[in-house]
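Chemist: Need coordinates for the following:
(one chain, ligands or ions: 1)
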Amino acid sequence: MRASVLSDWLAQRLDRGNGQPVYRQLHRLLQQAILSRELPAGTKVPSSRLLANELGIARNTVTQVYEQLVLEGYVTSTTGRGTFVADSAPDEIVEAPEAPAQPPAPTAQALSVRGARLVAGSGVSKRQMGAFMPGVPDVSRFPAQVWNRISSKYWRRLRPELLTYAPGGGLALLRHALADYLRTSRSVRCTPEQIIITTGIHQSVDLAVRLLSDPGDVIWTEDPCYWGVRSVLHVSGLRSRPIGVDAEGIAPSPDDLANPPKLMLVTPSHQYPLGMVMTLARRRMLLEYARQHQCWIIEDDYDSEFRYGSRPLASLQGLDTAGQVIYVGSFSKTLFPGLRVGYLVVPEALAESFATASAELYREGQLVQQAVLAEFIAEGHFTSHIRKMRTLYGQRRQTLLDAVARRYGDALPTVGGDAGLHLVLQLPQLPREADDRKVAAAALERNIVVRPLSGYYADAARAAPGLLIGYACVPDEEIAPAFGLLAGAIDEMLGRGA
Ligand SMILES: Cc1ncc(COP(=O)(O)O)c(C=O)c1O
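Modeler: This is a model prediction of the structure:
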């Protein structure tokens with residue numbers, strides 16, 4: 001097919017009455033034409049202005065479809081020359097799967113009350129990488145060769161004791177390596193025995209609340225907070241009391257303070273998801289309050305290694321003199337989430353009980369992996385990887401901030417980008433029919449994953465509209481085009497012209 005007849009071919013196939021957005025239909029039709037070689041490699045496709053005129057659709061829609069096809073490798077675009085079908089197109093159409101047939105709603109008999117609540121309120125995403133998945137590092141940069149070398153050594157000279165169940169708390173070698181790292185990098189005060197290896201922060205929080213509270217006890221959570229740990233708390237039967245946050249971190253009101261909880265869960269180094277750092281005054285206040293009222297503070301230190309422009313901040317645990325803080329950390333952001341290794345640091349008096357309980361409840365293993373990780377840390381590869389990734393993510397963050405500023409100036413401010421792997425783009429208060437969830441859904445139509453900020457709030461009265469945009473796992477050159485696609489979705493929902 002020659003480019004000159006492309007518009008007619010598309011016009012015959014676009015169906016405005018079938019409920020599918022024009023953007024999606026046009027994208028799919030062009031993919032089909034390229035894959036079936038009806039549009040051969042090297043063909044120049046019509047300009048966005050011409051094609052939009054001939055099809056009677058918005059030029060913006062055509063521009064966004066072309067940008068998406070560039071990202072996917074179907075076409076290439078050269079400024080001044082135009083857009084051409086690529087020499088080798090991807091083999092298969094890669095698209096978001098069609099919505100599966102709805103399974104029958106679980107009946108009250110099938111799921112428990114807490115089970116049904118967990119599934120109904122779940123926040124987990126179907127996609128776990130690509131633009132702009134929050135909270136996921138660039139896993140393609142993991143130094144796999146180094147890991148492979150250490151791992152091969154352990155498998156060659158296998159010690160049978162590494163193939164059985166883990167001793168309570170995990171492999172001593174890893175607990176030693178971690179104690180050194182946490183002391184020097186996070187100002188955590190601990191011995192190796194106080195460290196309990198887990199499969200990540202989800203499991204660490206699960207273990208801590210099972211051992212330190214009973215169903216019905218109250219836990220303070222930050223509002224907004226991470227949906228994952230909120231779910232862990234709910235299924236444990238705890239009653240969450242969402243506490244608002246201000247510029248200094250969690251901000252309990254006099255009424256809250258009058259009713260001490262059994263536990264509180266905070267993200268002092270980088271409030272999730274808004275990104276503020278808890279001030280020293282607020283840290284002291286919380287520690288003193290916890291000491292007076294005998295409550296536990298769970299400190300979730302999930303991504304503070306990545307701080308741009310200033311040094312990583314010391315932990316809350318390092319300030320605790322009364323043994324009230326349970327510190328939880330993870331390799332999900334520093335190495336890769338699929339590793340599933342995290343750790344708790346518990347006060348000395350609890351160490352033995354936590355080690356026993358973790359072996360009792362979870363029957364841990366993965367000792368070869370723990371040995372490899374210990375050596376990876378001890379040989380300095382861990383800190384060197386963090387250093388490299390900090391530089392890389394810092395550049396990506398800046399590329400994203402530049403793209404936001406070019407498009408919106410000061411109209412849509414960002415917050416929380418001083419550390420971590422994501423930032424929050426604030427949206428104006430939106431009419432109901434265009435809330436941030438709808439913006440995120442419109443972005444997904446363009447193959448862009450962002451998370452609506454309002455979904456992180458427990459108290460609807462506090463919920464502010466915004467989007468969590470993860471930049472760490474997006475290659476530099478894809479950030480600006482992907483943000484262009486996202487901006488298309490934002491503008492469409494806000495009713496702004498591009
Ligand atoms: C605040 C916070 N805590 C914990 C986690 C999950 O940690 P893990 O993978 O170790 O379970 C995340 C993941 O995004 C997070 O954002």
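Chemist: For the stretch 301-450 of the chain, which segments count as strands?
Modeler: Assigned by DSSP state E, counting those that start in this stretch, the strands in the stretch 301-450 of the chain fall at 325-330, 342-345, 414-415, 422-426.
Chemist: Please list the residues of the stretch 201-350 of the chain that sit near the ligand.
Modeler: For the stretch 201-350 of the chain, the residues in contact with the ligand (CB under 6 Å from any ligand atom) are 201-202, 226, 228-229, 267, 272, 300, 302, 330, 332, 337, 342. Where C-beta positions appear, they are placed from N, C-alpha and C, glycine not excepted.
Chemist: residue boundaries of the helices in the stretch 301-450 of the chain?
Modeler: Secondary structure of the stretch 301-450 of the chain by DSSP state H, counting those that start in this stretch: the helices cover 351-362, 367-378, 381-408, 436-445.
Chemist: Include distance to Arg175 when you put these into CSV, please.
Modeler: Output for the helices of the stretch 301-450 of the chain, formatted as CSV (distance: least, CB to CB, whole Å):
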stretch, distance to Arg175
helix 351-362, 10
helix 367-378, 8
helix 381-408, 15
helix 436-445, 40
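Chemist: could those helices go into TSV alongside mean pLDDT, distance to Leu430 and mean neighbour count?
Modeler: Formatted as TSV, these follow (pLDDT from 0 to 100; distance: least, CB to CB, whole Å; neighbours: other CB atoms under 10 Å):
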stretch	mean pLDDT	distance to Leu430	mean neighbour count
helix 351-362	97	43	17
helix 367-378	98	45	20
helix 381-408	97	15	17
helix 436-445	94	7	20
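Chemist: ok, and the closest non-adjacent residue to Val45?
Modeler: Nearest residue to Val45, sequence neighbours excluded (CB to CB, 6 or more residues apart in numbering): Thr83, at 5.0 Å.
Chemist: which of the residues in the helix or strand encompassing Ser204 are buried?
Modeler: Assessed by DSSP states H and E, Ser204 sits inside helix 201-212. Neighbour counts over helix 201-212 (16 or more other CB atoms under 10 Å) mark 201-209, 211-212 as buried.
Chemist: out of those, which one sits closest to Asp435?
Modeler: Proximity of these to Asp435, judged by CB to CB, is greatest for His202, which lies at 28.0 Å.
Chemist: Test my guess that that closest one contacts Val229.
Modeler: Yes: if you go by CB atoms under 8 Å, His202 and Val229 touch, sitting 7.0 Å apart.
Chemist: Helix or strand: which one has Pro242?
Modeler: strand 239-246.
Chemist: The helix or strand following that strand - what's its average pLDDT?
Modeler: Remark: after strand 239-246, the chain's next helix or strand is strand 249-250, criterion DSSP H and E. In this model, strand 249-250 has a mean pLDDT of 97.
Chemist: Show me what the next helix or strand after strand 249-250 is packed against.
Modeler: Counting by DSSP H and E, the next helix or strand C-terminal to strand 249-250 is helix 254-257. On a contact count with 3 or more CB pairs under 8 Å, 6 or more residues apart in numbering; DSSP states H and E, helix 254-257 meets no helix or strand.
Chemist: Just the buried residues of helix 254-257, please?
Modeler: Neighbour-count burial for helix 254-257 flags Asp256 (criterion: 16+ other CB under 10 Å).
Chemist: residue ranges of the helices in the stretch 101-250 of the chain, please?
Modeler: Here the stretch 101-250 of the chain has its helices, by DSSP H, counting those that start in this stretch, at 113-120, 144-156, 172-186, 201-212, 227-235.
Chemist: I'd like those helices as JSON lines, with mean pLDDT appended.
Modeler: As requested, the helices of the stretch 101-250 of the chain are exported to JSON lines (pLDDT from 0 to 100):
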{"stretch": "helix 113-120", "mean pLDDT": "88"}
{"stretch": "helix 144-156", "mean pLDDT": "98"}
{"stretch": "helix 172-186", "mean pLDDT": "97"}
{"stretch": "helix 201-212", "mean pLDDT": "98"}
{"stretch": "helix 227-235", "mean pLDDT": "93"}
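Chemist: Out of those helices, which one sits most buried?
Modeler: Of the helices of the stretch 101-250 of the chain, the one with the most neighbours on average (mean count of other CB atoms under 10 Å) is helix 201-212, at a mean of 22.
Chemist: Now do that one and helix 351-362, the angle between them.
Modeler: With axes from the mean of the first three to the mean of the last three CA atoms, to 10 degrees defining the directions, helix 201-212 sits at 110 degrees from helix 351-362.
Chemist: Next, the angle strand 325-330 makes with helix 201-212.
Modeler: Taking the same axes, to 10 degrees, one finds that helix 201-212 is oriented at 160 degrees with respect to strand 325-330.
Chemist: contact partners of stretch 456-465?
Modeler: With contact meaning CB atoms under 8 Å, 6 or more residues apart in numbering, stretch 456-465 is reached by 221, 223-227, 230, 240, 242, 244, 273, 426-430, 435-436, 452-454, 468.
Chemist: From those, keep the buried residues only.
Modeler: Buried by 16+ other CB under 10 Å: 221, 223-227, 230, 240, 242, 244, 273, 426-427, 430, 435-436, 452-454, 468, out of the contacts of stretch 456-465.
Chemist: Check the spacing between the spatially most central residue of the chain and the ligand real quick.
Modeler: Closest to where the C-alpha atoms of the chain average out (CA atoms, centre = their mean) is Gly135, at 2.3 Å. For Gly135, the distance to the ligand (CB to the nearest ligand atom, to the nearest Å) stands at 3 Å.
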